[in-house]
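**Q** Prediction below, plus the sequence it came from.
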Amino acid sequence: MRTSAISARVMTGGEAAAEAMRQIDPDVVPVYPITPQTPIIQGFAKFVADGRARAEIVNVESEHSAMSAAIGSALAGARTITATSSQGLALMAEVVYIAAAMRAPVVMALGNRALSGPINIHCDHSDSMLVRDSGAIQLFAENAQEAYDLMVMAPRIAEHPDVLLPVLVCQDGFTITHSAEPVVLLADGAARRFVGDYRIPHPLLEVSTPTTQGPFAMPDYYYELRHQQVAAMAAALSVFDEVAEAFEHISGRRYHSIEPYELEDADRALVCLGSTGGTVKDVVDELRAQGERVGLLEVRAFRPLPVDRIRAALRFVPWVAVLDRADSPGGRPPLYAELLATLHRTDAHVQSYVYGLGGRELHPDDIAGVFARMSQERLEPEYVGLREAECPV
Amino acid sequence: MRTSAISARVMTGGEAAAEAMRQIDPDVVPVYPITPQTPIIQGFAKFVADGRARAEIVNVESEHSAMSAAIGSALAGARTITATSSQGLALMAEVVYIAAAMRAPVVMALGNRALSGPINIHCDHSDSMLVRDSGAIQLFAENAQEAYDLMVMAPRIAEHPDVLLPVLVCQDGFTITHSAEPVVLLADGAARRFVGDYRIPHPLLEVSTPTTQGPFAMPDYYYELRHQQVAAMAAALSVFDEVAEAFEHISGRRYHSIEPYELEDADRALVCLGSTGGTVKDVVDELRAQGERVGLLEVRAFRPLPVDRIRAALRFVPWVAVLDRADSPGGRPPLYAELLATLHRTDAHVQSYVYGLGGRELHPDDIAGVFARMSQERLEPEYVGLREAECPV
Amino acid sequence: MSRLKTLVRREAGTPPLRGGHALCQGCGVPMVVRTIVDSIDTPVVVVSATGCLEVASTRFPTTAWNVPWLHVAFENAAAVASGVETAYRALRGRGALAGDEPITFLVLAGDGGTYDIGLQALSGAFERGHRFVFVCYDNEAYMNTGVQRSGATPFGAGTTTSPAGHGLGKAEQRKDMTAIAVAHHIPYVAQACSVHWQDLSTKVERAAHADGPAFLNVLTDCPVGWGHEPRLAPSLLDAAVESRFWPLYEVADGEYRLTYEPRRACDVSEFLLPQKRFAHLTPELIEQIRLQIDADWNELRGRCAA
Amino acid sequence: MSRLKTLVRREAGTPPLRGGHALCQGCGVPMVVRTIVDSIDTPVVVVSATGCLEVASTRFPTTAWNVPWLHVAFENAAAVASGVETAYRALRGRGALAGDEPITFLVLAGDGGTYDIGLQALSGAFERGHRFVFVCYDNEAYMNTGVQRSGATPFGAGTTTSPAGHGLGKAEQRKDMTAIAVAHHIPYVAQACSVHWQDLSTKVERAAHADGPAFLNVLTDCPVGWGHEPRLAPSLLDAAVESRFWPLYEVADGEYRLTYEPRRACDVSEFLLPQKRFAHLTPELIEQIRLQIDADWNELRGRCAA
Amino acid sequence: MREIRWHARAGQGAKTASQLYATASLRAGKSVQAFPEYGPERRGAPLRAYTRIDDRPIRRHDSVTRPDVVVVLEPSLLHEIDVAEGLDADGLVLVNAEAPPGELEGKHVVCVPASRLAEERGSKFANLIMVGALAAAVGEPPVSDVSDAAAELLGKKVPETDVRAAVAEGYRCLS
Amino acid sequence: MREIRWHARAGQGAKTASQLYATASLRAGKSVQAFPEYGPERRGAPLRAYTRIDDRPIRRHDSVTRPDVVVVLEPSLLHEIDVAEGLDADGLVLVNAEAPPGELEGKHVVCVPASRLAEERGSKFANLIMVGALAAAVGEPPVSDVSDAAAELLGKKVPETDVRAAVAEGYRCLS
Amino acid sequence: MPELTSWRDLPVGGVVSPDETVQPRTGGWRTGLKPEADLSACVNCLLCWLYCPDSAVRLDGTTFTGFDESLCKGCELCAVVCPTGAIRMVPDED
Amino acid sequence: MPELTSWRDLPVGGVVSPDETVQPRTGGWRTGLKPEADLSACVNCLLCWLYCPDSAVRLDGTTFTGFDESLCKGCELCAVVCPTGAIRMVPDED
Ligand SMILES: Cc1ncc(C[n+]2csc(CCOP(=O)(O)OP(=O)(O)O)c2C)c(N)n1
Ligand SMILES: Cc1ncc(C[n+]2csc(CCOP(=O)(O)OP(=O)(O)O)c2C)c(N)n1
Ligand code: SF4
Ligand code: SF4
Ligand code: SF4
Ligand code: SF4
Ligand code: SF4
Ligand code: SF4
Ligand SMILES: [Mg+2]
Ligand SMILES: [Mg+2]
């Protein structure tokens, strides 16, 4: 996605997310600091202090309270955005599930960072993966521009009456949050109009029509109430497209739930999330220039995972390698497992490569190496670039 | 597994776990009450009050602190057991990961219960699934006897020098925790001897050889430190067998990481966790009596998942249906996704059935229905028994 | 009009918490809830923590609540209320609220959801200064999960996690939650008891009009957890107050005031002995409790005098 | 032997926190740590919360710690220490400990890990009565993550989440954490300041010998977050105490005692003005701070007199 | 397999009864299972419990939907719920009552005036009386096993003789 | 693609320099990227930052391991770390120093006495001087773009003229 | 309790409106005794109304009129707090 | 810092023993100034030792002897607190 040099400004993904928040102009922002999310909330706090945004910031005392306050605020009837990373998301995990179940359309800027232990501040996707069953939507940005664009799109997806789910806009910690790149912003008015007004079915603050929200459910109803969320997620896929189309009208930039890159005739394809996609694209170009038929499937919507589209996009690719920036010790890496569930009953050979945990670098050479190795049958995951990896377990 | 009526006592899974704890005689038990775990800790508290167990119980003020205190205690050099369910596990999720990473061999009795929202006290496995990437071992009991036996085995697995990981002994909330069944207990002395003394490599309380535990790791080391856990999980699989063998010597009961049931010639097999396995066995017997070639693969060790054994056990089964008592809205049910990762490049048709969320009943007829439906190609998960399920999403 | 008639009129046949809920026969909590909500002269929005009250009043698809009511989890009622109250301020600030009458935000949590697992969220909300009335209905244990000890469980009480057994019940003194709230220097803090309903009602009015967070710690009984017949509740709770086990006082803008001076000589055993949870107490232990009460009472008197 | 010589002897060339760590040039925290550990006459086990101190002293595979040291997360230091201390009691009870000398359990947490996200774990540990010394090194903000406001951040201070901007910095009063600890009725609570190291050292001794939990709230500077040159630290912190912005006192078994009576007339501006975080304060705001200090001081004096 | 459903109000000892019958049957060499149903409802609310008895190990863990026997410890429940739900035409309903209640017309009803009997002895063991009666009604397990099981389960908390006497009284009613 | 690595101590403006050069290059029509390295180390510790400049959109997000240019803002670092690591034989090292330091013998070293120059003007903008010098050394972007970018980035906090002067001074050194 | 409905017909997020749902009746919870009022002895102090945990005390405006037996759980609290002894617990007809 | 090792050679759980690891040297963090002591003016009050954040003050027993330049970050605190002015900040040789 070529950014126009003319109107672009050099800013980090974190700054870009803060700009998006300023333009969205949410009512309430409950938030707790954590690296590498802090640039987002600091940037936004400055906008508020300078009178450039009107939100009430709630400087809560923990992330559990951040999400709790966000649920309260969103269900009360106020547009609500929060932001976090890593341990913060882990601490609020309990209430992320509840936010989804109560259908609170909270938007969250997530600066992806490895989970402790050991404590580490750099990027991986284990925090996102921790809440992959929560019912929250997760969109992954490849770069600062996407982090901005997806933030602007997020409220409309979250608040759509068929959806009403939290949306996590995920950007790789440091690699995007702290990397300065050219970003084209919408005009403030255009962004604001695009987002529109906040509407939910039953604002708690409508005291004239009292509602009971968050009741106790026995087995006779719990099952059906949970299934609502599955349906809402399915709806979210088309809503994403709808919103993406509208966004294209005002920005010229079009997003899809997956981004196939040079897949048409590929005999080998990587699948990944986040900023790594950009690096892979460079490698694909390079290898293609040498005549190799390689490609990439970048997953932008990890939740809802566009199962059918992924299937279709990879239909004719015999060798697929899933790059996971997270793992599940004693089990299978999460994206890999999902991909296999998606590609079941196709002929693809799907392999698993774990990389980049805790911010470990993945260089073009590593990627080229995976492309080189992947057309041999292998079922066990490999840790790319592990020191003394000869005995993968 | 036929229990001997002579020495068996009728007790609930919760009571059985409390008896196991009494016999193990741990040093420290930090715990916070939550349904349906409470019978465990209440039973144990009574043992302590009556002088029948010596542990120091730490009545913490939240589950986050329960696991935190457990980590402190286990690393200090004391055998430590805790117990929880549902929201409790969700609230401590952050520190469950850290326990595994710090290699604290904490044993936990988990009474599986649905996660909010809506709030519900009955069984499903969403709590276990929430921490499936944490690096903690998860063993699932089918009934009260197994809940007891696995609790007795757990410390030896957790504390094995090649493992040193937390072990969650999972029993279905209410269905096992509160169901009274015959349970054969070991003699106190035999159980105590079986468990042996607590040893870890670097007890913090050894003040003469000070250690720094829980340091900060940058990308240069984090990756390798994380990979340690993967290796420890791999080791746990053989340690499980070792311990199971030793346990057989004193109990006559032998456990395996998976339990194939009538799989040899099966053309259809279900895969499941926990108490449902028992019900499925009855249905399998019934259908077999009618000449149907059906079978069951019960997964006892969900973490570490015995990938190769599952593959081998299902090698010749053309139709496999995975019963998930949890879901991942917008993604694939967790056990299903893992199974597909396990069965990749086999010819099996693997289907997904979600059931029992929030304690919804799964009756033999439902199971027979799945067996009846499963030999038709179908890729989308089905919610068994959903009211108005005709349009599954 | 008498205060009670005022409460009746406010309720106007539509109790905030209507009958048909699943709380135990004779449970002490509903009276606290109705007295409080009925004492407030604006519309009320209730945020509830997990606990007996919440679980037993909202079995889907029914509800006992006639006022707007929100529950998210056990430990976060104050945080949820912070969000609701901030939303209200934000929307009002933007002129985006339909009606513009003031709303009173009321948080209802048990002692577990206040003293223990909910303390941090509450403390944070106090520091930020949200305008809500946080009510702890203090029945001195985790009742919903079957009577486990909490930070509010008094010394000596038997619970399932502090069993009498060969021991003494709970070995630690209760957390002094009212003092902790006072230490946050919020505008209004009070300790009350359900059966002193006029006192409670007055305190609710003050709390609702405070310019910032207010905290009410309201003692109420739980026949199941305390081990007594429901009909003993009025006399037991009366004894709790008269024996000075549970003094009634308030701290408004830092000023202590005893709002009720016990009227009769009442030994704490009058409170303790009818309850099964204290049945195991020896005379020595009761004497220990008595001494602690005296010491606490003297300190409190000192503060109120000052 | 002078107290300082005693500290030197205890350290015996092996500082508990050795140099080579990655804390900022001139950071105020190490002095607090060393003064405290060196004041304890038994072996010490340290539990640390996430924060500047922890992050900057333990980059794997190095460590600055010569004493046993454990870190698990940000919010749970008191809970982790509860576990460690209980393990010690349990193992001692069973005769399963190698040496049988007493050990002092020391918890080190920043203000964020104490006033805010760590409060609940701390309060619970207080209620249970674990025998440890919990030290809050209070630098009045979340420094590790780049200077965000915490519950300890004083009124008016600019931080990245309470920016001065067109506003005033932090709009709320700081949480009175020392008072909150006192309200838990634990045996020993004290407020101290790094540069009053003799006072601090004495308090550590009392805390370590208390029969139950002890809490020390120790003010120390952060040149980065406060916005001053490191070399100004001694005079700034001195002004904090002399101006009564940060009184030094202790509460032993409920008895208040001022441990240091300010020696000179010192206006709070002497503390505030050299710091960038207060650079935006108007005379009116400073007056407001002054009044608050006076009120707090008078109340404290009252308690100490009583 | 024999499946039994117990009806009572929370607090009336249905859970104990269901477990007692299981314990007694275990003594008699059977495989057993017993469990109550849980909800948010409190003391006084209707409550069910179940017992399963079989000669082969019981492995299933679903709830009981088609009981062979229903035991009603609290007759006032008959106005509120259909205690015979799922019961076969020839299924037995054992009711704590003096005479067959109208609600159960057409069913195979057996009455035991357990509350009265208990009251007469000044005991609270109507539930034990009903367990004794059930053993007699279905012909197993032997009353000695029920009595021993009752003593094992409750004998520590209350006088063993009272417990045994209640069981015996119930058994006598129907044998 | 041109890749630049910046060396300094935390607090000396390497991050600003890396972003400034990127911003200036963006003005000149390039695609750009700039990012520092983060660790637990605090003010005073060695720190690296990176800038990438290309004619085509920059998509890769790995760190820079084989820089084309290394800029050393703090010469004392030369004793501690190998600033030329990964640098090609013909790669340029731009050092804030009076004369080529011994450690860099055999490298293509260019010195700019930025600290002294800054001190002479009583300013703290050694980093801006180095950015100006870099633009001159590699021949892009035009100094006007650097100057404008510097004004855009810093002009709100400090006098714009000082900022522009520093850039210009650096540029002059090497042009 | 209303009919069990399909998941499609459930309110979004499980929100319940008190006006659209029927509360269960808990009169059946009584275990033998129910309150009976002697109106002639009643001084209309309304204490029974206040103490009743189940909102089972009936008023006409602000005047006590009796009990809603479909809700009353029979706890005796009204009888205990009635200052004039106007309320007695009597055996449930059942 | 020690060599980067394979995952097999790392201590279990990342436990670090202070005796087995080498602390980084932070003398390089100084930005121009370092402390210099005039021993003749020193009254051995040891305040510099106490205040030094980097344990860079050298003692022989309990006697002040100077600084460990490999650790000193040059913060000036020792110089500020020295009661006799025995410590001056001087330009780093570099
Ligand atoms: C995180 C979490 N831990 C534990 C529970 C289980 N739980 C629900 S309510 C409750 C006790 C409530 O006690 P209290 O707040 O005193 O209210 P009460 O039940 O006494 O009314 C507990 C332990 C939970 N729901 N969530
Ligand atoms: C659950 C969680 N939330 C947030 C963080 C990020 N974090 C780490 S340290 C810190 C601030 C520490 O502040 P304080 O306790 O005052 O210590 P200081 O850094 O000032 O020394 C924060 C917000 C975290 N590690 N874990
Ligand atoms: S257990 Fe106690 S508090 Fe809970 S509903 Fe019953 S009486 Fe009320
Ligand atoms: S930021 Fe402040 S507290 Fe943290 S290391 Fe630097 S000076 Fe110390
Ligand atoms: S007996 Fe209890 S429930 Fe019934 S009306 Fe009286 S107070 Fe209410
Ligand atoms: S309590 Fe008695 S006197 Fe008062 S209103 Fe009720 S019935 Fe009448
Ligand atoms: S200048 Fe600072 S670091 Fe160096 S010796 Fe003095 S006090 Fe220590
Ligand atoms: S502070 Fe000065 S006088 Fe004291 S020991 Fe150090 S150098 Fe000597
Ligand atoms: Mg309670
Ligand atoms: Mg701090």
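**A** Alright, I've got the coordinates. Ligands and ions are numbered 1, 2, ... in the order given.
**Q** going forward, measure contacts and count neighbours with C-alpha atoms only.
**A** Will do.
**Q** check contacts around whichever residue of chain E sits closest to chain B.
**A** Residue nearest to chain B within chain E: E:Arg60 (3.7 Å; Cα to the nearest Cα). For E:Arg60, the contacting residues are B:275-282, by Cα atoms under 8 Å, 6 or more residues apart in numbering or on different chains.
**Q** The helix or strand hosting A:Gln23 - contacts with which helices or strands?
**A** Using DSSP states H and E, A:Gln23 falls within helix A:13-24. Taking 3 or more Cα pairs under 8 Å, 6 or more residues apart in numbering or on different chains; DSSP states H and E as contact, the helices and strands that helix A:13-24 lies on are helix A:38-49, helix A:144-159, strand A:180-183, helix A:188-195.
**Q** Can you check which of those gets nearest to ligand 10?
**A** Comparison of the helices and strands packed on helix A:13-24 against ligand 10 by Cα to the ion identifies helix A:38-49 as nearest, at 15.4 Å.
**Q** Put the alpha carbons of that closest one into PDB.
**A** Written as PDB, here are the backbone C-alpha positions of helix A:38-49 (Å, rounded to 0.1, in the frame of the first residue of the first chain):
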ATOM      1  CA  THR A  38       2.100   3.900  26.600                       C
ATOM      2  CA  PRO A  39       2.900   6.100  23.600                       C
ATOM      3  CA  ILE A  40      -0.700   5.700  22.600                       C
ATOM      4  CA  ILE A  41      -2.300   6.800  25.800                       C
ATOM      5  CA  GLN A  42       0.400   9.400  26.500                       C
ATOM      6  CA  GLY A  43      -0.200  10.900  23.100                       C
ATOM      7  CA  PHE A  44      -3.900  10.900  23.600                       C
ATOM      8  CA  ALA A  45      -3.600  12.400  27.100                       C
ATOM      9  CA  LYS A  46      -1.700  15.200  25.600                       C
ATOM     10  CA  PHE A  47      -4.400  15.800  23.100                       C
ATOM     11  CA  VAL A  48      -6.900  16.100  25.800                       C
ATOM     12  CA  ALA A  49      -4.800  18.300  28.000                       C
END
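**Q** Show me what from the stretch 101-250 of chain A comes close to chain F.
**A** A:143, A:175, A:178-182 (Cα under 8 Å from any Cα of the partner chain).
**Q** mind listing the helices for chain G?
**A** G:47-51, G:77-81 (DSSP state H).
**Q** If you could redo that for chain E, that was the one I meant.
**A** E:14-27, E:114-120, E:126-138, E:143-154, E:160-173.
**Q** So for ligand 1, which of those sits nearest?
**A** helix E:14-27 (22.0 Å; Cα to the nearest ligand atom).
**Q** Low-confidence regions, the chain specifically.
**A** In the absence of a named chain, this looks at chain A. Within chain A, the segments meeting pLDDT under 70 span A:1-6, A:389-393.
**Q** I was thinking of chain C, sorry if that wasn't clear
**A** Looking at chain C by pLDDT under 70, you get C:1, C:306.
**Q** Quick one: the strands in it, in order.
**A** C:44-48, C:69-71, C:104-110, C:133-138, C:188-193, C:214-219, C:249-252, C:255-258 (DSSP state E).
**Q** got these as JSON lines, with mean neighbour count columns?
**A** What follows is these, written out as JSON lines (neighbours: other Cα atoms under 10 Å in any protein chain shown):
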{"stretch": "strand C:44-48", "mean neighbour count": "26"}
{"stretch": "strand C:69-71", "mean neighbour count": "27"}
{"stretch": "strand C:104-110", "mean neighbour count": "26"}
{"stretch": "strand C:133-138", "mean neighbour count": "27"}
{"stretch": "strand C:188-193", "mean neighbour count": "28"}
{"stretch": "strand C:214-219", "mean neighbour count": "27"}
{"stretch": "strand C:249-252", "mean neighbour count": "22"}
{"stretch": "strand C:255-258", "mean neighbour count": "18"}
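**Q** between those, which gets nearest to A:Val106?
**A** Among those, the nearest to A:Val106 by Cα to Cα is strand C:69-71 (16.4 Å).
**Q** what packs against that closest one?
**A** strand A:212-213, strand C:44-48.
**Q** Quick check, the residue in chain E closest to ligand 1?
**A** Closest residue of chain E to ligand 1, Cα to the nearest ligand atom: E:Pro40 (11.1 Å).
**Q** what sits against that residue?
**A** Contacts of E:Pro40 by Cα under 8 Å, 6+ apart are C:22, C:55-56, C:59.
**Q** Would you mind measuring from it to B:Thr35?
**A** According to Cα to Cα, to the nearest Å, E:Pro40 stands 11 Å off from B:Thr35.
**Q** try A:Ile310
**A** Distance from A:Ile310 to B:Thr35, by Cα to Cα: 41 Å.
**Q** Pick out whichever of these two has more residues nearby.
**A** Shown here are A:Ile310 and B:Thr35; by other Cα atoms under 10 Å in any protein chain shown, B:Thr35 has more neighbours (24 against 21).
**Q** what sits against the residue nearest to that one when sequence neighbours are not counted?
**A** Residue nearest to B:Thr35 in three dimensions, not counting chain neighbours: C:Thr145, with 6.0 Å by Cα to Cα, 6 or more residues apart in numbering or on different chains. Listed by Cα under 8 Å, 6+ apart, the contact set of C:Thr145 reads B:33-35, B:38.
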